[in-house]
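Engineer: Model the structure of this input:
(2 chains)
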Amino acid sequence: MDLGYWLPLFFAGAMGLALLIYVILDGYDLGIGMLLPFADDREKDVMVAAIGPFWDANETWIVLGVGILLIAFPQAHGVVLTALYLPVTIMLMGLILRGVSFDFRVKAGDRHKAKWNTLFALGSLVASVCQGWMLGAFVTGLTGDATSTLFAALIAVALPALYIMLGAAWLLIKTEGELFRKAAHWGRLAVWPMGGFLVLISIATPLVSQTIADKWFTLPNAIGLMPIPIATGLAWAGLIWIFNSRQILHHGYGWLAFLSLVVICVLAGIGLAYSLFPDIVLGQLSIWESASSTESLLFTFWGAIITLPMILGYTVFIYRVFRGKASDLSYE
Amino acid sequence: MEFDPFLLARLQFAANISFHILFPTITIGLCWVLFYFRLRYTFSGDKAWEYAYFFWVKIFALSFALGVVSGITMSFQFGTNWPGFMERAGNIAGPLLGYEVLTAFFLKTSFLGIMLFGKDRVSNRMHLMATALVAVGTSFSAFWILSLNSWMQTPAGYRLEDGIFHVESWWAVIFNPSFPYRFAHMFNASLLTAAFLIMGISAWRARRGVDGPATWKVMRTGAVMAALLAPLQVWIGDLHGLNTLEHQPAKIAAMEGVWETERHAPLTLFGFPDEEARTTHMAIKVPGLASLILTHEWDGEIRGLNEFEGEHPPVAPVFWAFRVMVGVGVLMVLVGLWSAWQLWVRGKESREGQGVLLRILSVMTFSGWVAVLAGWYVTEIGRQPWVVDGLLRTADVVADHSSATVAGTLFGYVLLYLFLLVSYIAALRYMATKPARSLSLMPQQRAMNAERAQGEA
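Structural biologist: You can find the predicted model right below:
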């Protein structure tokens, strides 16, 4: 078996998976952060409690994603992060504010709680917008020209909409009563911009990049790929149905909304991977050109296949421990 | 005025890492202290230990959050500011950082949830184990990060092909010559930082009369730790120094302000190193002592800075940082021994009886931070002009950003960090002032969980 071929492929897959898990898991954290200003003070506590035990670990998936970029594709790591210098820096500041506000809001005293709530929401918003910007710039090959800038701006607005949907859906799982109704309301509102952005992005991506257009619109690939947009559309329609159906919501099936969003994220992830593959920087670097030496990859590979199942295992365990509705005062 | 983007990039990295290291320094040590509190209350059933655990777990959580978010910044910094480092040394740095994420980062962040919020959702044993796993995770983090840092100081187990590092032996890379000393030194420094932090805040509470049942117990724990570990740190530091002399003589020369290679080298207690004149002004020297300390022989040879011209670190910052570290360290030894004598041997536990001690301990609350920062400045500035000692220059790996870009983001980071540092200390102060009963929300939480359990059943 040719390790020089398979190891970069394995790490590209692992990186994609880590970033997908990040988008889903920290997506709901950031979404709830952005929704925070729309809730009253008591509800804010419940919303934070709903992400309390999870957010630290959720955020770690981006460290793993960027970590794999750094471990397995050091050449690309430099190219990507140098090109995205400003959005990355601003995103990090957003993540810092969000992360620390989480603790400060309950520890710095009641006088300062409102200020930390604001910073929590602001940090979440800034981080989400920057992540969208980074994704948009990345998908268009980091060229920095006018069309790709416009595209990056489009995704900078789209990704927060997705995160807000994830946040609202997570609240359906974790809350009850008035907040639950509010969450359903937020979901009903956000589902439309999110859907609009999905359509726009699907149209814009092939327009911005000829390489991507060729991959999707040549026969017979086009036919084989049809299930991806169709299934995404169905999942989105399902989302509208779930958020509008009292039957589903009030009989404890709110988690279906989260599941639909996971399906949409997975499909979008597959679509994105198909668009980019085998490049890690579109049109510039392939995963094999930018990979570390085989012996280094192999050393990390053994660590990864032993620890990743363990990480997934205890992640599931922790979600099981904290299953059920969040209490309003799980901390302090 | 035009700033050098290279200098700005270095300042930015220094700002990020200086801010970051403050929090792991607390959490690596504090987590084991928490585990100890947790064990004590499991086995003794003494409520005071339970209270101590829940008081300190909050401070731990806050410190941990600051450490995690600033740590994420670190993982991006390599790519944004120092892409050349990963391109050249990625084969070595990558896997070490990768193992840190895989074996440590996930472990500590995941089980932190149970440690903080899961008390009544899991068995006592599981909660105890979660606490231990978070402690193990933070220590593993330190292990991998310090291994990489040490490799950059004393590279081993590699071969160079076209300027790119490849691995010859992972064992030699991970356990490179300076790693055992650096790890022991830093791990012990964390425990000491935690010891002075818990003593300092407890003393502060005792002075204000807001002390709960656990305040003196915690203070005594810190005193015993400090009395044992501070002298131990002197010994580890000495071994670390011998190791540095062997592998990085230029760093030692800068630390001691030795310009010419000499035997029977004097120890400069104080002075102003002047790199242009290549001398130390107003030096107060003790004959032969530098040779004795560094080589354990009166006439041991110390190589001077003039042997490394153009390849030695800036002398003044290393020289001064070293004196700050040693000075604070000596103070910690004295205060540690004295407080252990007062609290443990004499066992006098009252505000009136221990006025002076409480005052000194309050002042020393963050002494660990000062010593650790100074120590890291010695070792990191002392490695310059190299990023990988003797093999790769820092100037060769910097990213090509305009100075305006780097200056702008540096300004943003510094503002944010100052704000957070002030907020952190203010929050600690606020938590320390809160009277005991409002801190213990355990019964309330238990009631809530019981209610939920009933609902489910």
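
Engineer: okay, CA-based contacts and neighbour counts for the rest of this
Structural biologist: Noted.

Engineer: Look up which helix or strand the spatially closest residue to B:Phe308 that is not a sequence neighbour falls in, please.
Structural biologist: Excluding its sequence neighbours, the residue lying closest to B:Phe308 (C-alpha to C-alpha, 6 or more residues apart in numbering or on different chains) is B:Ala250, at 6.6 Å. Using DSSP states H and E, B:Ala250 maps to helix B:249-256.

Engineer: if we can go back for a sec, for B:Gln233, see how far away the residue nearest to B:Phe308 is.
Structural biologist: From B:Ala250 across to B:Gln233, the span is 23 Å (C-alpha to C-alpha, to the nearest Å).

Engineer: Enumerate every residue touching residue 74.
Structural biologist: Chain wasn't specified; assuming chain A. Residues near A:Pro74 by C-alpha atoms under 8 Å, 6 or more residues apart in numbering or on different chains: A:290-292, B:86-87, B:90, B:94.

Engineer: Chain B, not that one
Structural biologist: B:16-17.

Engineer: for the chain, what are the low-confidence residue spans?
Structural biologist: Looking at chain A here, since you left the chain open. A:1, A:327-332 (pLDDT under 70).

Engineer: look at chain B instead
Structural biologist: In chain B (pLDDT under 70), the answer is B:1-2, B:211-212, B:435-457.

Engineer: which residue ranges form the helices in chain A?
Structural biologist: A:3-35, A:41-51, A:55-72, A:74-83, A:85-107, A:113-139, A:146-174, A:177-208, A:210-216, A:221-225, A:227-244, A:246-249, A:255-276, A:294-321 (DSSP state H).

Engineer: Same list, these, but as TSV with distance to B:Val406 please.
Structural biologist: Putting those into TSV (distance: least, C-alpha to C-alpha, whole Å) gives the following:
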stretch	distance to B:Val406
helix A:3-35	27
helix A:41-51	34
helix A:55-72	21
helix A:74-83	12
helix A:85-107	9
helix A:113-139	18
helix A:146-174	21
helix A:177-208	30
helix A:210-216	34
helix A:221-225	44
helix A:227-244	41
helix A:246-249	50
helix A:255-276	30
helix A:294-321	32
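
Engineer: List just the one of these that sits closest to B:Phe366.
Structural biologist: helix A:85-107 (19.4 Å; C-alpha to C-alpha).

Engineer: Tell me what angle that closest one forms with helix A:3-35.
Structural biologist: Counting by axes from the mean of the first three to the mean of the last three C-alpha atoms, to 10 degrees, helix A:85-107 points 50 degrees away from the direction of helix A:3-35.

Engineer: what helix or strand does the closest residue to B:Trp204 other than its chain neighbours sit in?
Structural biologist: Of all residues not flanking B:Trp204 in the chain, B:Ser362 sits nearest, at 5.5 Å (C-alpha to C-alpha, 6+ apart). For B:Ser362, the host element (DSSP H and E) is helix B:355-363.

Engineer: got a list of what residue 31 touches?
Structural biologist: Unless you meant another one, I'm taking chain A. A:Gly31 makes contact with A:124, A:160, A:162-168, according to C-alpha under 8 Å, 6+ apart.

Engineer: I was thinking of chain B, sorry if that wasn't clear
Structural biologist: The contact partners of B:Cys31, by C-alpha under 8 Å, 6+ apart, come to B:60, B:131, B:134-135.

Engineer: Work out for me the element it sits within.
Structural biologist: Judged by DSSP H and E, B:Cys31 forms part of helix B:5-44.

Engineer: Heading C-terminal from that helix, find the next helix or strand.
Structural biologist: helix B:47-81.

Engineer: Quick check: the residue nearest to B:Phe308 touching B:Pro314?
Structural biologist: No: the pair B:Ala250 / B:Pro314 is not scored as a contact, 10.3 Å apart, by C-alpha atoms under 8 Å.

Engineer: Out of the two, name the residue with the larger neighbour count.
Structural biologist: B:Ala250 (27 against 19; other C-alpha atoms under 10 Å in any protein chain shown).

Engineer: Distance check, that one against chain A.
Structural biologist: Look at B:Ala250 and chain A: by C-alpha to the nearest C-alpha, to the nearest Å, they are 31 Å apart.

Engineer: circling back to that earlier point, contacting residues around the residue nearest to B:Phe308?
Structural biologist: Per C-alpha under 8 Å, 6+ apart, neighbours of B:Ala250: B:303-305, B:308, B:312-313, B:382.

Engineer: name the helices or strands packed onto the helix or strand B:Tyr181 falls within?
Structural biologist: Assigned by DSSP H and E, B:Tyr181 belongs to helix B:179-208. The contact analysis (3 or more C-alpha pairs under 8 Å, 6 or more residues apart in numbering or on different chains; DSSP states H and E) places helix B:179-208 against helix B:5-44, helix B:124-153, helix B:215-247, helix B:355-363, helix B:367-381, helix B:403-433.

Engineer: Report how many residues lie close to B:Pro273.
Structural biologist: With other C-alpha under 10 Å as criterion, B:Pro273 counts 24.

Engineer: Then B:Gly310?
Structural biologist: Neighbour tally, B:Gly310, other C-alpha under 10 Å: 10.

Engineer: Surely it is within a strand?
Structural biologist: No: using DSSP: H, G, I helix; E, B strand; the rest coil, the assignment for B:Gly310 is coil, not a strand.

Engineer: residues touching it, list them.
Structural biologist: By C-alpha under 8 Å, 6+ apart, the contact set of B:Gly310 is empty.

Engineer: Distance of it relative to A:Leu119?
Structural biologist: Applying C-alpha to C-alpha to B:Gly310 and A:Leu119 gives a distance of 47 Å.

Engineer: swap in A:Thr89?
Structural biologist: 17 Å.

Engineer: A:Leu159 too?
Structural biologist: Where A:Leu119 is concerned, A:Leu159 sits at a distance of 20 Å (C-alpha to C-alpha).

Engineer: okay, the two: which has more neighbours?
Structural biologist: When A:Leu159 and A:Leu119 are compared for neighbours, A:Leu159 comes out ahead with 25 against 21, by other C-alpha under 10 Å.

Engineer: can I assume the more buried one is in contact with A:Val129?
Structural biologist: Yes: counting by C-alpha under 8 Å, A:Val129 is a contact partner of A:Leu159 at 6.9 Å.

Engineer: Just send the helices and strands packed on helix B:179-208 back as JSON lines, with distance to B:Ile293 too.
Structural biologist: As requested, the helices and strands packed on helix B:179-208 are exported to JSON lines (distance: least, C-alpha to C-alpha, whole Å):
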{"stretch": "helix B:5-44", "distance to B:Ile293": "27"}
{"stretch": "helix B:124-153", "distance to B:Ile293": "21"}
{"stretch": "helix B:215-247", "distance to B:Ile293": "8"}
{"stretch": "helix B:355-363", "distance to B:Ile293": "30"}
{"stretch": "helix B:367-381", "distance to B:Ile293": "17"}
{"stretch": "helix B:403-433", "distance to B:Ile293": "37"}
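
Engineer: B:Leu343 is nearest to which of the ones you listed?
Structural biologist: Nearest to B:Leu343, of the helices and strands packed on helix B:179-208 and by C-alpha to C-alpha, is helix B:215-247 at 6.0 Å.

Engineer: I'd like to know how many residues surround B:Arg159.
Structural biologist: 12.

Engineer: what's the answer for the one 3 residues further on, then?
Structural biologist: Counted by other C-alpha under 10 Å, the residues lying close to B:Asp162 total 6.

Engineer: And the one 5 residues further on, by the same measure?
Structural biologist: Taking other C-alpha under 10 Å as the neighbour definition, B:Val167 ends up with a count of 19.

Engineer: can you check the one 5 residues further on too?
Structural biologist: As a burial measure, B:Ala172 scores 15 neighbours (other C-alpha under 10 Å).

Engineer: Next: A:Val48.
Structural biologist: A:Val48 has 24 nearby residues by other C-alpha under 10 Å.

Engineer: now do B:Ser169
Structural biologist: The burial count for B:Ser169: 12, using other C-alpha under 10 Å.

Engineer: ok, and the closest non-adjacent residue to it?
Structural biologist: B:Gly157 (4.9 Å).

Engineer: contacting residues around that neighbour?
Structural biologist: B:167-173, B:176 are the contacts of B:Gly157 under C-alpha under 8 Å, 6+ apart.
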